[in-house]
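Colleague: structure of the sequence below:
(2 chains, ligands or ions: 2)
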Amino acid sequence: MEVRDLRKVFNGTTAVDGVSFTINRGEIFGLLGPNGAGKTTTIRMMSTTLPMTSGDVVIGGHSVRERPGEVRRLIGVCPQEIALYLELSALDNLVFFGRMEGLSKAEAVRRARANLELVGLAERARHRVAKFSGGMKRRVNLAVSLMNRPELLFLDEPTVGVDPQSRNHIFDTIEGLRDEGMTILYTTHYMEEADRLCDRIAIMDNGRVVALDSPRNLKASIGDPDEVTLEDVFLNLTGRRLRDQG
Amino acid sequence: MTEMSTFGSRPLALAGKELKVFFRDPQMLFFSLALPLVLVLLMTAAFGGQSRFSVTARVVDLDGGPLAAELTGRLEAVPGVTVDLLDPETAERLLEDSDIVNLVVIGEEFSERLAAGQAPDIRVRLRGNGDTEGQIVNSYVESIVREMLGESLVARQVQAMLAEAGLEVPVEEVEARVGELFAETRESPLVTVAEETVGVRPEPIAQFLPGMVTMFTLFAISLTSVSLVEERRKGTLERLMTTTLTRAELLSGTWLGNFGRGLVQVVFLFGLAWLFFNVLTLSSFASIILFGVVAVASVAGIGLVIAAVSRTPEQANWIAVFFTMIMTSLGGSFFDTSGFTGVMGVLTRMTYNFWANDGFRRIILEGEALTSPPIVKDMVVLAGIGLAGWALALALFRLRGDDK
Ligand SMILES: Nc1ncnc2c1ncn2[C@@H]1O[C@H](COP(=O)(O)OP(=O)(O)OP(=O)(O)O)[C@@H](O)[C@H]1O
Ligand SMILES: [Mg+2]
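Modeller: Ligands and ions are numbered 1, 2, ... in the order given. A predicted model of the protein is given here:
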């Protein structure tokens, strides 16, 4: 999958300013950057929900601009916000979105149970999402995006506001998916997450990609990779600390 | 496109989700089902008194004996009759002031004379000609007294015959036995006059129910059209945008969800009316539900338009309330507007409520059949409104940026 000179202008302000990169099949690709860097905007354009101002994205040989319908079959999106029906149970949510992907009811129920198992919520399947903790909601949010067994999965800050236990569970799930051959685009502003999970990382700032390489190479570019952190890399590239805004 | 094969299952799943959410939302259930019911009952209680049959018998009892008590007891037992026992002075004053126009006076010797088998001491006093209520009371009193006198005479006769045959039975015993027999025949009369109501009586609840049903189906559906707009904000709509769901499927599913909820309301409210308020027969209930299907299909289309034109939940809320209020008052949910002419006549006919009210009222009040020309016309117009809503929503609603 390939992103070519992607640009987004929201009435006057440029949120994404000429981003290009390629993601190889089967890798976890990190999109790293501070708040407002343009990560979510990039994902929304890539996942067909936000029209791009210019540029294009090609996924599985299909242009998002030209053939968004084909692209939608290949992708799963776990949005930054919890996008679930809180009044419904976890199972009902998964089954519903599965059916919206065109699955039969029986198949949707089967996959929903498997996915809830995967994120460790099998016993809570019939509980209302409204009663779930933040971390559990995040896990359901992730499970929904797997309903169509996507080849390419977009994860937009899937660990925000999650306790360490849920976070580790989510990491294990993601690594498991990668081992099964899924390609994953992962955004975060937690450097150590990106360091642990990602095969390659694009560091974004102000709508631009300021560096792109494996975590080790990025660190090696400014010093001993075992000594420095991605945080130092970001500081070195932009002159600012990543966590300034949060 | 291979996706076409799944069209039909997705709108159903969408509608199923909508209904599930509806039944789990206490606020929506309150506004859709409980509030209209409460309002109908309140309106019935407030304005419904007059048309139900009920009369008050004003009685002065100068006798105070057991048979006088028996008389007032039997009078009270007549359905729809309440007995108001007055003391002589009050009764006199009320009659004098025309506060009452009819008074039953049980004389001092009533019990004594009746027991002796003599014409009893009872008078009816009317102010002017009395009124219908007075005449009804008088005829009840007359027939009860006649009955009691008959019982007394029979008891007397039986005792005399027994005495002739040489059997000395105390008169009280004979009276008691005869009284029992008469009471039994009253309980299960051998001869009854069949009472038949043609059509269904226009109970007050039948007058208010149609207007409330149209108002609240519209209200509930315009309220829930907020939910589609809310889905934009919640992110669930964006999530739907990344599935292969099409805009037509989403609109169909939303329409179907609206339709399902509206049908729940119609069945619930008219169902209660049928089961507990005796204002519908089985066949008129069936007619009203079938008519309701068309009405709800129409209002579901309107809900779709509101959802399609609103950009924010606040906007949708505002449109929902404004729209419901205008349509409801113009369309005659509170009072009958079918006599309106000129501009008002045109305006009222532009509302969903007008056509739905007309059909519901014809069925519930006049007992008209679904095939009667005015009702067919109502249904055609309602179906037209529904289709227009659908077309408009399809033209206005964009699920994704790439929707054409
Ligand atoms: N719908 C929109 N309309 C106008 N401006 C927007 C819109 N969405 C995003 N922006 C702006 O675009 C810029 C990039 O936002 P974006 O959400 O992509 O950042 P992000 O990297 O995902 O940040 P975060 O870590 O906070 O999620 C921000 O300045 C934001 O204010
Ligand atoms: Mg973001």
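
Colleague: residues near A:Leu235, how many?
Modeller: The local packing of A:Leu235 (other C-beta atoms under 10 Å in any protein chain shown) involves 15 other residues. Bear in mind the C-beta positions are built from the backbone N, C-alpha and C, glycine included.

Colleague: quick check: it touching A:Val228?
Modeller: No: using C-beta atoms under 8 Å as the test, A:Leu235 is too far from A:Val228 to be in contact (9.8 Å).

Colleague: pretty sure B:Val141 is in a strand, no?
Modeller: No: counting by DSSP: H, G, I helix; E, B strand; the rest coil, B:Val141 falls outside a strand, being helix.

Colleague: the residue lying closest to it once chain neighbours are set aside and ligand 1, how far apart?
Modeller: In this structure, B:Val141 finds its nearest non-sequential neighbour in B:Val104, 5.5 Å apart by C-beta to C-beta, 6 or more residues apart in numbering or on different chains. With distances taken as C-beta to the nearest ligand atom, to the nearest Å, B:Val104 is found 82 Å from ligand 1.

Colleague: quick check, pLDDT for B:Val104.
Modeller: Looking at B:Val104, its pLDDT stands at 89.

Colleague: what do you get for the one 5 residues further on?
Modeller: In the prediction, the pLDDT value recorded for B:Glu109 is 89.

Colleague: ok, now A:Arg243?
Modeller: 57.

Colleague: how about the one 3 residues further on?
Modeller: The predicted local distance difference test score for A:Gly246 is 40.

Colleague: and if you look at B:Leu290?
Modeller: What the model reports as pLDDT for B:Leu290 is 96.

Colleague: circling back to that earlier point, neighbours of the residue nearest to B:Val141, how many?
Modeller: B:Val104: 25 neighbours (other C-beta under 10 Å).

Colleague: again with the one 5 residues further on
Modeller: Other residues near B:Glu109 number 16, with proximity taken as other C-beta under 10 Å.

Colleague: where's it relative to ligand 1, distance?
Modeller: To ligand 1, B:Glu109 is 97 Å away according to C-beta to the nearest ligand atom.

Colleague: then B:Leu392?
Modeller: Per C-beta to the nearest ligand atom, B:Leu392 is found 27 Å from ligand 1.

Colleague: which ones are touching B:Ile385?
Modeller: With contact taken as C-beta atoms under 8 Å, 6 or more residues apart in numbering or on different chains, B:Ile385 is in contact with B:298, B:301-302, B:352, B:355.

Colleague: what residues does chain A put near ligand 2?
Modeller: By the rule C-beta under 5 Å from the ion, the part of chain A lying against ligand 2 is A:39-40, A:80.

Colleague: where does the residue nearest in space to the middle of chain A land in three-state SS?
Modeller: Taking C-alpha atoms, centre = their mean, the centroid of chain A lies closest to A:Leu155, which sits 1.6 Å from it. Under three-state DSSP, the three-state class of A:Leu155 is strand.

Colleague: list the residues that contact it.
Modeller: Counting by C-beta under 8 Å, 6+ apart, A:Leu155 touches A:78, A:142, A:145, A:174, A:184-187.

Colleague: let's see it at 7 Å
Modeller: Applying C-beta atoms under 7 Å, 6 or more residues apart in numbering or on different chains, we find A:Leu155 in contact with A:78, A:184-187.

Colleague: from A:Ile43, how far off is it?
Modeller: Per C-beta to C-beta, to the nearest Å, A:Leu155 is found 9 Å from A:Ile43.

Colleague: what do the two both touch?
Modeller: Counting by C-beta under 7 Å, 6+ apart, the shared contacts of A:Leu155 and A:Ile43 are A:185, A:187.

Colleague: mind listing what's buried along the least confident helix or strand in chain A by mean pLDDT?
Modeller: For chain A, using mean pLDDT, DSSP states H and E, the weakest element among its helices and strands is helix A:230-238, scoring a mean of 85. Neighbour-count burial for helix A:230-238, counted by 16 or more other C-beta atoms under 10 Å in any protein chain shown, picks out A:230, A:232-234, A:238.

Colleague: which of the residues of chain A next to ligand 2 are buried?
Modeller: A:39-40, A:80.

Colleague: ok, so of those, who is nearest chain B?
Modeller: Among those, A:Gln80 lies closest to chain B (C-beta to the nearest C-beta), at 8.4 Å.

Colleague: now for the residue nearest to A:Arg167 when sequence neighbours are not counted, how many residues are close by?
Modeller: Closest residue to A:Arg167 apart from its sequence neighbours, by C-beta to C-beta, 6+ apart: A:Thr159 at 4.9 Å. Neighbour count of A:Thr159, defined by other C-beta under 10 Å: 22.

Colleague: now swap in A:Ala211 and tell me
Modeller: Using other C-beta under 10 Å, A:Ala211 has 19 other residues around it.

Colleague: ditto for the one 5 residues further on
Modeller: Neighbouring residues of A:Arg216 were enumerated by other C-beta under 10 Å; the total is 11.
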